[in-house]
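*Asks:* Give me a 3D structure for the following:
(chains A and B)
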There are 2 protein chains.
Amino acid sequence: MHSADPFLFQLFFIFVWAKLFGEIFERLHLPAVVGEILAGVLVGPFGARFVVPDEAIYAIAEIGAIFLLFTIGLETSPKDLLSVGATSLYVALAGITLPFLLGFGYMALRHDSLHESVFVGAAMVATSVGITARVLGDMHVLQTVPARIILGAAVFDDILGLVLLGVVVGLVSTTATAWAQLIVTAVEAIGFAVVMIFYAPRVVRRMEPGLQRMSTQDAPLIIAIAICLGLSYAAVKIGMAAIIGAFFAGLAFAEYSPRWNLRPRAFAINEFLAPFFFFSIGARLNLTIFDRRLIVSAVIVSVLAFISKLVGCGLPVLHSGWKTALKVGIGMTPRGEVGLIVALVGLQMNIISSSAYALVIFMTAATTLVAPPIMKLIFREDSPPEPAFVERRRSAM
Amino acid sequence: MHSADPFLFQLFFIFVWAKLFGEIFERLHLPAVVGEILAGVLVGPFGARFVVPDEAIYAIAEIGAIFLLFTIGLETSPKDLLSVGATSLYVALAGITLPFLLGFGYMALRHDSLHESVFVGAAMVATSVGITARVLGDMHVLQTVPARIILGAAVFDDILGLVLLGVVVGLVSTTATAWAQLIVTAVEAIGFAVVMIFYAPRVVRRMEPGLQRMSTQDAPLIIAIAICLGLSYAAVKIGMAAIIGAFFAGLAFAEYSPRWNLRPRAFAINEFLAPFFFFSIGARLNLTIFDRRLIVSAVIVSVLAFISKLVGCGLPVLHSGWKTALKVGIGMTPRGEVGLIVALVGLQMNIISSSAYALVIFMTAATTLVAPPIMKLIFREDSPPEPAFVERRRSAM
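*Replies:* Here you go, the predicted structure:
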């Protein structure tokens, strides 16, 4: 653009536009992430062209996705995961199967290619823990039974979604469509997950004395970053997506995150890098391809995404009453980062078309925007009454 | 290289090589920074070619330099600066003038171009606060008079060095070599410094109520990053180096850094990005150009850099005794980040040759390696005896 240093220009303005739209969305009680994506759509290359990201910015966005999944992993303790019990696992499993089948089925009916259908199905799988947790936290209902089931299921859901992405990427990377290949990749992905969930935390635990002997300042953070980058690279090497490695790296360090003060520092890196990722997601979305047919498809895909999670996640807890089933079902509907990254990987690998990419972005934004107001409505009965807040505020003073 | 994803490959291995050499250097009681640079020299494109950074990595290195100077600025409170008194200012002024004149003079005698001579002179100016402070802190002598003079002077020194860089870049950017232009640029640079030191902290103070009303999570960190990127871009726009803007952005937030918890989080971003900067510095250094003549020049420049700081910074405090003068003089000799960045800017602007670049890197490494052992020797008399440590350790338990 009209600039002495185009890279610094992009760096500054992408950060500011993304955060500005994020702030506006927050004030409207909408998820900031959707605002950051919208910034990319509106001022990016397919919009007003105020900022057109070049390769260096997309590289930073790639690191942004890696640290985003790393921080999600850091918040996901394998210990908690193993203690939340069977209910969450059932909710997660049913909540993955139904959206995948419906998404895949609809795309296949539209006569999209097999690979594209598989990718769109996979992008519909993963619930966004962040948005749900934020709403539940704001309402002070995190300790209720439905909330605990949701958060436990969302964790399984992330892991299973990433394993599914690993399988899908592996499957598509090979020219052979043999089922044998699918099995090999699935075993690889599940093996990676099992090793990282059960074995890696022990390795990290054994590393501790060594870390304390290290002369490098902030050794735990440095080692965590190195392992995050290393596993991202390793994941790509064995034919999966980089973010899967990053997520499992976070998972391995989750237990030690409080002691080593990793969380606030990994989050700081994320605060800087993530806006470039979300802006880039939007910058790749061409709004002008939304013709009548695509809009209809986008609405159908969004409705399928919504209903499939609602039913898939609600059914396993129906025995606890329809109210609980509704709360759990609605709480699991928002999709987020993982779905966006699945779509991005598909676009970069030339597996999905820009219209299928647009479908996924639309579906993600729609489910993310629709769920919070409904959650506020149905969780209102669990929310502590006003006096409790006053009490709490007073005692904190 | 032989990789599915060359960018992730570089990202992982540059980080690991830099940190590995940093750790080895720390264990040898040498500055980690020199190790990280050496990693770039040895495994980079002019060395073993294990990792050859591409444009995206150099872009990340550029952001690394920006956050490096931002964190240095965050540690530099304008308030403290105004209270350290005249001694530190005299030390800084003399300690800048002499190295610049000797560096410039020697290069001009070697018949290097005027611009190149000015750049090498400017790169010899700025003391590295980090290395000196680390050694003094490790010896528990930060509260002695010489240590306080050193730290105060090093701060002035950074600011004056950056103003000088601003003037030099501005001067070289224009084709006219008119003295009028020099004066305009100098006024611009000094004006920028004065505004940022005296006025910007007040603006930040007034921002506080607004920040608390913002809906964006971590609003202070987001705003600080945005202003850091914005001032970096603005500095380039008015013809100075990006890092000058970043440094002054840090300075403006220094006072509020503890309250907003900015320091540990800006440092975390820095921990991730800085290794790419130092590795890149080394990766641009071609060791094979060190022929007999260049080695002689490099040694001469290093000796001049050492003596000019020793004399320039020692003389103003000679009235306090030769021991104090020696301590202050030696403590000011290590050069660091600012000199490296000056050389890099010169190389990127095609103002200095790769041999002048090599001279500066050699001089920086030499002064950084030589100073700490001498400091340990001459500050030993001020260092508290062992029992004090035992006492302290016991009371901490």
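
*Asks:* Name the residues that touch stretch A:274-287?
*Replies:* Residues outside stretch A:274-287 that contact it (C-beta atoms under 8 Å, 6 or more residues apart in numbering or on different chains): A:14-15, A:17-19, A:22, A:33, A:36-42, A:44-47, A:52-53, A:57-58, A:60-62, A:64-65, A:67-68, A:340, A:344, A:347, A:354, A:357-358, A:361. The C-beta positions use only the backbone N, C-alpha and C, and glycine is treated the same way.

*Asks:* Over that stretch, what's the mean pLDDT, rounded is fine.
*Replies:* Stretch A:274-287 shows a mean pLDDT of 90.

*Asks:* For that stretch, buried residues please.
*Replies:* For stretch A:274-287, a neighbour-count test (16 or more other C-beta atoms under 10 Å in any protein chain shown) marks A:274-286 as buried.

*Asks:* In helices only, show me those residues.
*Replies:* A:274-283 (DSSP state H).

*Asks:* Which one of these is nearest to chain B?
*Replies:* Of all those, the one sitting nearest chain B is A:P275; the distance, using C-beta to the nearest C-beta, is 8.6 Å.

*Asks:* on that earlier part again, in CSV: the ones in helices among the buried residues of stretch A:274-287, plus distance to A:S113.
*Replies:* Formatted as CSV, those follow (distance: C-beta to C-beta, whole Å):
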residue, distance to A:S113
A:A274, 32
A:P275, 33
A:F276, 31
A:F277, 27
A:F278, 28
A:F279, 29
A:S280, 25
A:I281, 23
A:G282, 25
A:A283, 25
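
*Asks:* Relative to B:S302, which of the residues you listed is nearest.
*Replies:* For those, the residue nearest B:S302 by C-beta to C-beta is A:F276; the value is 40.3 Å.

*Asks:* Let's have the buried residues of stretch A:274-287 in CSV, adding distance to A:P372.
*Replies:* As requested, those are arranged in CSV below (distance: C-beta to C-beta, whole Å):
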residue, distance to A:P372
A:A274, 20
A:P275, 21
A:F276, 25
A:F277, 21
A:F278, 18
A:F279, 22
A:S280, 24
A:I281, 20
A:G282, 20
A:A283, 25
A:R284, 25
A:L285, 22
A:N286, 27
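
*Asks:* What's the first helix or strand after the longest helix that chain A contains?
*Replies:* The single longest helix within chain A, with elements called by DSSP H, is helix A:145-173. Next helix or strand after helix A:145-173 toward the C-terminus (DSSP states H and E): helix A:179-194.

*Asks:* buried sites along that following helix?
*Replies:* Neighbour-count burial for helix A:179-194 flags A:182, A:184-186, A:188-189, A:192-193 (criterion: 16+ other C-beta under 10 Å).

*Asks:* So for the closest residue to chain B within the stretch 101-250 of chain A, what's the pLDDT?
*Replies:* Chain B sits closest to A:S215 of the stretch 101-250 of chain A, with a gap of 3.4 Å, by C-beta to the nearest C-beta. Here the pLDDT value assigned to A:S215 is 81.

*Asks:* and the residue nearest to it when sequence neighbours are not counted, what element?
*Replies:* Leaving aside its chain neighbours, A:S215 sits nearest to B:E26 (3.4 Å; criterion: C-beta to C-beta, 6 or more residues apart in numbering or on different chains). In this structure, B:E26 sits in helix B:6-27 according to DSSP H and E.

*Asks:* before we move on, what about A:R263?
*Replies:* With DSSP H and E as criterion, A:R263 is part of helix A:262-283.

*Asks:* now do A:S88
*Replies:* Secondary structure (DSSP H and E) places A:S88 in helix A:86-109.

*Asks:* Okay, now the unreliable bits of the stretch 51-200 of chain A?
*Replies:* The model of the stretch 51-200 of chain A has pLDDT under 70 over residues A:78-85, A:129-130, A:173-182.

*Asks:* residues from it in reach of chain B?
*Replies:* Counting by C-beta under 8 Å from any C-beta of the partner chain, the residues of the stretch 51-200 of chain A close to chain B are A:55-56, A:59-60, A:62-63.

*Asks:* Cool, thanks, signing off.
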